[in-house]
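K.L.:
Next input, structure requested:
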Amino acid sequence: MLPFPLPEPTEDAAPDGLPVAQVLYGLFFHPRVLLWLQRDRLRRAFRFASVVCLLVGLAVGIARVPSILAATREWAGWLENEVEELSLTDGELQWKRPRDLPYTTRHDGWRIDFAEKGVPFAATEIDGPERRGLWLSPDRVILWVRPADRESAIPVPLLDEGRTRRVVKALYPDGLTLRRGEFRAEARRRVFHLIPVFLVQQALWVFVQVMFYILVFAAMPVLMQRLSGGAAGFRRLFTFYLYASVPPLCAAGIYASLRLPYLDLGTAFVMAFVVYLGMVFVNLRDMLDAPEKISR
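P.N.:
Numbers count the residues shown, from 1 in each chain. Predicted coordinates for the structure are as follows:
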């Protein structure tokens, strides 16, 4: 029995919907409420799940902010010791050290190469165990990654012959010169300005991932029934899965916020979703079997 009464829904909608607190309580502690919620309005279910997605995404982003600030402080200190002074003037990068080029150094699993102006970036000549790195010359800054299945690096130009990407302009605008003792404070200030953008990006990314998985879960039964000649109501299934996604999403958000290894948020959500659906079906089966056991 649910600890609260359920209003009788109409065939197409549930005009007297449950309050949000009761919906959450039912989803977490009495999954059989999904039998009623699947007849709710699709618009309300989508709005409900969307808000949860965005809130979970914001929570995961906020949980990552301290580690981002710590990494920024650590990298700024390392760069300060490495170059002493760094400036970007008219799209050209200048530093005090290193003076003898080319120069290669490594930090925190990254390879960093300093080169002379005009020297081309050679992706096939990047050797060593590192899978990511930076290649810097006065007129070029290239971020590169090397997938495990490739021998050559994939370059992503950040500064190329005076043309800078927007992210570089936001982090290091033209005309800015940093000297020893200024790197950490300036890096922290720049990152603080980008935190709202990061949080919005995290929220939208969680929303897109979760909605894609829900759509797949809802579409597969409909597709299978239609291929077999049956009929299925996609709206009701989609509403069911929208509500059913809330507890697994919260569990996956907690997992991602704790920065535990092995699973990303999307994988954790899918696994939790499958487990939760199994619990729902067991709960519903027990509820349907209860009258038979009583009659015996």
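K.L.:
packing partners for the helix or strand hosting Arg190?
P.N.:
Per DSSP states H and E, Arg190 falls inside helix 183-227. Packing contacts for helix 183-227, counted by 3 or more Cβ pairs under 8 Å, 6 or more residues apart in numbering; DSSP states H and E, involve helix 42-83, helix 166-171, helix 234-244, helix 265-295. Heads up, the C-betas are built off the backbone N, CA and C, glycines and all.
K.L.:
partners of the next helix or strand after the shortest one in the sheet?
P.N.:
By that I understand helix 166-171. Next helix or strand after helix 166-171 toward the C-terminus (DSSP H and E): strand 177-179. Strand 177-179 pairs in its sheet with strand 85-89 (antiparallel), by DSSP bridges.
K.L.:
care to break this protein down by domain?
P.N.:
As given by automatic domain parsing, the domain ranges for the chain are 20-62+200-295, 86-179.
K.L.:
Now do the shortest one: distance from first to last residue.
P.N.:
The one in question is domain 86-179. Its start and end residues considered, domain 86-179 measures 7 Å (Cα to Cα, to the nearest Å).
K.L.:
one step back: just say which of the domains of the chain is most tucked in.
P.N.:
domain 20-62+200-295 (a mean of 17; mean count of other Cβ atoms under 10 Å).
K.L.:
Compute the distance from the centre of the helix holding Arg190 to the centre of its chain.
P.N.:
Offset of helix 183-227 from its chain centre (Cα atoms, centre = their mean, to the nearest Å): 5 Å.
K.L.:
the inter-axis angle of it versus helix 42-83?
P.N.:
Using axes from the mean of the first three to the mean of the last three Cα atoms, to 10 degrees, the inter-axis angle of helix 183-227 relative to helix 42-83 is 150 degrees.
K.L.:
could you give the angle of helix 183-227 to helix 234-244?
P.N.:
140 degrees.
K.L.:
Could you point out which residue ranges in this protein have low pLDDT?
P.N.:
Applying pLDDT under 70 to the chain flags the ranges 1-17, 123-124, 162-163, 165-171, 223-232, 286-296.
K.L.:
Just confirm Gly181 is within a helix.
P.N.:
No: applying DSSP: H, G, I helix; E, B strand; the rest coil, one finds Gly181 to be coil, outside a helix.
K.L.:
Need the phi and psi values for it.
P.N.:
The phi/psi pair for Gly181 (degrees, to the nearest 10) reads phi 100, psi -10.
K.L.:
Dump the helices and strands packed on helix 183-227 to CSV, plus distance to Val216.
P.N.:
Output for the helices and strands packed on helix 183-227, formatted as CSV (distance: least, Cβ to Cβ, whole Å):
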stretch, distance to Val216
helix 42-83, 15
helix 166-171, 32
helix 234-244, 9
helix 265-295, 9
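K.L.:
Ok, which of the ones you listed comes nearest Met211?
P.N.:
Comparing the helices and strands packed on helix 183-227 by their distance to Met211 (Cβ to Cβ), the top pick is helix 42-83, with 7.1 Å.
K.L.:
Counting by contacts, list what the closest one packs against.
P.N.:
Under the contact criterion of 3+ Cβ pairs under 8 Å, 6+ apart, helix 42-83 touches strand 103-107, helix 183-227, helix 234-244, helix 246-257.
K.L.:
let's see 7 Å
P.N.:
In terms of contacts (3 or more Cβ pairs under 7 Å, 6 or more residues apart in numbering; DSSP states H and E), helix 42-83 is packed against helix 183-227, helix 234-244, helix 246-257.
K.L.:
a markdown table please, covering these and showing distance to Ala272.
P.N.:
Shown next, in a markdown table, are these (distance: least, Cβ to Cβ, whole Å):
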| stretch | distance to Ala272 |
| --- | --- |
| helix 183-227 | 11 |
| helix 234-244 | 11 |
| helix 246-257 | 4 |
